[in-house]
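> Please find the sequence and the predicted model below.
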Amino acid sequence: MALTMLIEPPIKDPSPHMLLYQLSKTAQVETLNYQSCSMQGIFAQFPEILFIHRTYNPIGKVLYTFLVDGPQVRLEGPLARAVYFAIPAKEDAEGLTQMFQVFKKFNPAWERVCTILVDPHFLPLPTLAMEFPAAEVLLSAFHICKFLQGKFYQLCLERPMERVLLTSLQSTMCSATTGNLRKLHALLNSCIPPAQLPELYSHWLLNDRIWLAHRWRSRAESSLYFQGLEVTTRTLSQFFSTTPCVEQGMASLLQYMQQNSGDRASFSLCLSPQNSPAPSDTTPESPHMVQLVESRIQHSLNAICTEPAAQLCLGEFAVVQKSVHLIGSGSEKVNIQILEDTHRVQPQPPASCSCYFNQAFHLPCRHILAMLSAHRQVLQPDMLPAQWEAGRATSLEGILGSQWSEMLEKRLVVAFLTEEVRRLLQHCSQEEFERRYNTLRELADSWIGPYEQVQL
């Protein structure tokens, strides 16, 4: 059935397409090559720089997505820059040679390809060089960024250090000047243990040829570039990586492209590890399932909360709907990152989060709502303090005036700082503890005076 959907796409798609596939002895798709007429036209217009991304499904089949890149490309929307899909029989020289040769038969403009951008794990470089002899093969800035993000999380660094590295990486990727890249390289050398440093391949940051292919973008253009690729790679994973059936995954992906061909994407750079395993209960769902879960969460907010509380939480949830990514989960806590710093969520009722919104209002914040959405759950009454329950309505202006104050902000800042200092003092050697304690003692004495003993 799914293969039939591929061969005969919905009538609403006006552009013809080219589909070449081969079945195995068990009637499963062995190879597949797909390109619509509009995709072919886009590649013919922008053939100079080709970006290749690979997506794996549960049984090991790999989807190769070819995208156009470069200064002239100004396409926006889900997969707007995708110009070709291919699934080789195997990722060996023979299988990839066949795949590239079919691509070239579909696209006479292949001879104008000057640069091909690939991920760091792309091994069949000789095959690529043989099929595109005039093109230069480089690592893509996007894939290097995702690679380093994953390594930062895998190293299990202390949270402040992890945050510094992620922030520096994000800033450098959006302004990849030689100076910024050298600063990031020096930061890695000073922060990462020497034994683990080779795993990061930090010398890539000093390879100027890699970054010349990306450096022409302004900071704003770089941010939008990473945003678009983040959306694209996530969409590919959502449809192809969640089913072992190649036909079903491809049919769903192509239908999604047809339905969203006119939409505009609006996302931000989301720092998250691409290669780290995702929690088993947060597998990407179909768009219909995601929409259903979001609708149930909205209904539970309106049913359980007072009207002002629902307004505040729905505002938070609006952010979640546009830009949510579940970083990882443990037995007691879940780490959520939504285009901002990471916060810690305590899912057990009453749910709490380390972010400002939850600490100030004691309401489900965007991070708690992201956790509920990822786990396909809804808000429960025991997740709310009594004053926010339905039937205790007050005006939103009154709530904001009573809840948000300069004193509250100071208390929160002090509480966060105290918790961070406590954690740093607990997780250090005795020698380092004495040094830090003495520093704090000197600071406290300078504020209040040595004549008054300050309890630390």
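In hand now; what should we look at?
> check contacts around Leu424.
Listed by Cβ atoms under 8 Å, 6 or more residues apart in numbering, the contact set of Leu424 reads Glu158, Pro160, Arg436. For every residue, glycine as well, the C-beta is placed using N, CA and C.
> which residues in the stretch 351-456 of the chain form helices?
Here the stretch 351-456 of the chain has its helices, by DSSP state H, counting those that start in this stretch, at 356-361, 366-374, 396-403, 406-426, 430-448.
> circling back: now, which of the contacts of Leu424 sits nearest Ser171?
For the contacts of Leu424, the closest approach to Ser171 (Cβ to Cβ) belongs to Pro160, at 16.5 Å.
> you'd agree the closest one is up against Leu417?
No: at 11.7 Å, Pro160 and Leu417 do not qualify as touching, with contact defined as Cβ atoms under 8 Å.
> before we move on, the earlier item: now the weakest link among the helices of the stretch 351-456 of the chain, please, by mean pLDDT.
Here the lowest mean pLDDT among these goes to helix 396-403, at a mean of 48.
> burial count for Gln430?
7 (other Cβ atoms under 10 Å).
> tell me the contacts of it?
Contacts of Gln430 by Cβ under 8 Å, 6+ apart: none found.
> before we move on, back to that, could you tell me which of the contacts of Leu424 count as buried?
Buried residues within the contacts of Leu424, counting neighbours by 16 or more other Cβ atoms under 10 Å: none.
> Just put those residues in JSON lines and tack on distance to Gln298.
Shown next, in JSON lines, are the contacts of Leu424 (distance: Cβ to Cβ, whole Å):
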{"residue": "Glu158", "distance to Gln298": "37"}
{"residue": "Pro160", "distance to Gln298": "36"}
{"residue": "Arg436", "distance to Gln298": "47"}
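> those strands in this structure, which residues are they?
Ranges of strands in the chain, per DSSP state E, are 17-23, 29-36, 49-56, 62-69, 82-87, 115-118, 136-139, 325-329, 334-337, 343-346, 352-353.
> State the mean pLDDT of the first one.
Meaning strand 17-23. 74.
> tell me what that strand is packed against?
helix 2-7, strand 29-36 (3 or more Cβ pairs under 8 Å, 6 or more residues apart in numbering; DSSP states H and E).
> quick one, which of the strands of the chain is packed in tightest?
strand 82-87 (a mean of 25; mean count of other Cβ atoms under 10 Å).
> Count residues in the vicinity of the residue found closest to Met130 once you drop the neighbours it is linked to in the chain, would you?
Distances taken as Cβ to Cβ, 6 or more residues apart in numbering put Thr97 closest to Met130, at 7.6 Å, once the chain neighbours are dropped. Thr97 is flanked by 16 other residues according to other Cβ under 10 Å.
> Surely Thr97 touches Leu128?
No: with contact defined as Cβ under 8 Å, Thr97 does not reach Leu128; the gap is 9.7 Å.
> What's the separation between the closest residue to Glu48 other than its chain neighbours and Glu136?
Nearest residue to Glu48, sequence neighbours excluded (Cβ to Cβ, 6+ apart): Cys114, at 4.9 Å. Look at Cys114 and Glu136: by Cβ to Cβ, to the nearest Å, they are 7 Å apart.
> Could you report the pLDDT at the residue nearest to Met130?
For Thr97, pLDDT reads 93.
> residues contacting it?
Contacts of Thr97 by Cβ under 8 Å, 6+ apart are Thr127, Met130, Glu131.
> Mind putting these into JSON lines with distance to Ser171, pLDDT and neighbour count?
Formatted as JSON lines, these follow (distance: Cβ to Cβ, whole Å; pLDDT from 0 to 100; neighbours: other Cβ atoms under 10 Å):
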{"residue": "Thr127", "distance to Ser171": "36", "pLDDT": "91", "neighbour count": "18"}
{"residue": "Met130", "distance to Ser171": "38", "pLDDT": "93", "neighbour count": "13"}
{"residue": "Glu131", "distance to Ser171": "37", "pLDDT": "94", "neighbour count": "19"}
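> Can you tell me the closest non-neighbouring residue to Met257?
Nearest one to Met257, counting by Cβ to Cβ, 6+ apart, is Leu79 at 5.4 Å.
> Hmm, I typed the wrong one, I wanted Gln196.
Leaving aside its chain neighbours, Gln196 sits nearest to Leu155 (6.1 Å; criterion: Cβ to Cβ, 6+ apart).
> Repeat that for Val73.
That would be Phe46: by Cβ to Cβ, 6+ apart, it lies 5.1 Å from Val73.
> which residues does that neighbour contact?
Val68, Asp69, Gly70, Gln72, Val73.
> got those as CSV, with distance to Met173 and pLDDT columns?
Output for these, formatted as CSV (distance: Cβ to Cβ, whole Å; pLDDT from 0 to 100):
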residue, distance to Met173, pLDDT
Val68, 20, 95
Asp69, 15, 94
Gly70, 17, 89
Gln72, 21, 85
Val73, 18, 87
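> any idea which of these is closest to Arg422?
Asp69 (47.3 Å).
> For the closest one, which residues are in contact?
Asp69 touches Phe46, Ile49, Leu50, Phe51, Arg81, Thr115, Leu117, counting by Cβ under 8 Å, 6+ apart.
> One more pass at 10 Å, please.
The neighbours of Asp69, taking Cβ atoms under 10 Å, 6 or more residues apart in numbering as the test, are 46, 48-51, 81, 115-117, 140, 142, 213-214, 225, 229.
> Beta-bridge partners for it, please?
When assigned by DSSP bridges, Asp69 has beta-bridge partners Ile49.
> From Phe51, how far out is it?
4 Å.
> what residues are shared contacts of those two?
Shared contacts of Asp69 and Phe51, counting by Cβ under 10 Å, 6+ apart, come down to Arg81, Thr115, Ile116, Leu117, Ser140, Phe142, Leu229.
> The last one: what's its closest spatial neighbour, skipping adjacent residues?
In other words, Leu229. Phe142 (4.8 Å).
> Run through the residues that contact that neighbour.
Per Cβ under 10 Å, 6+ apart, neighbours of Phe142: 51, 53, 69, 117, 119, 173, 214, 225-226, 228-230, 232-233, 269, 274.
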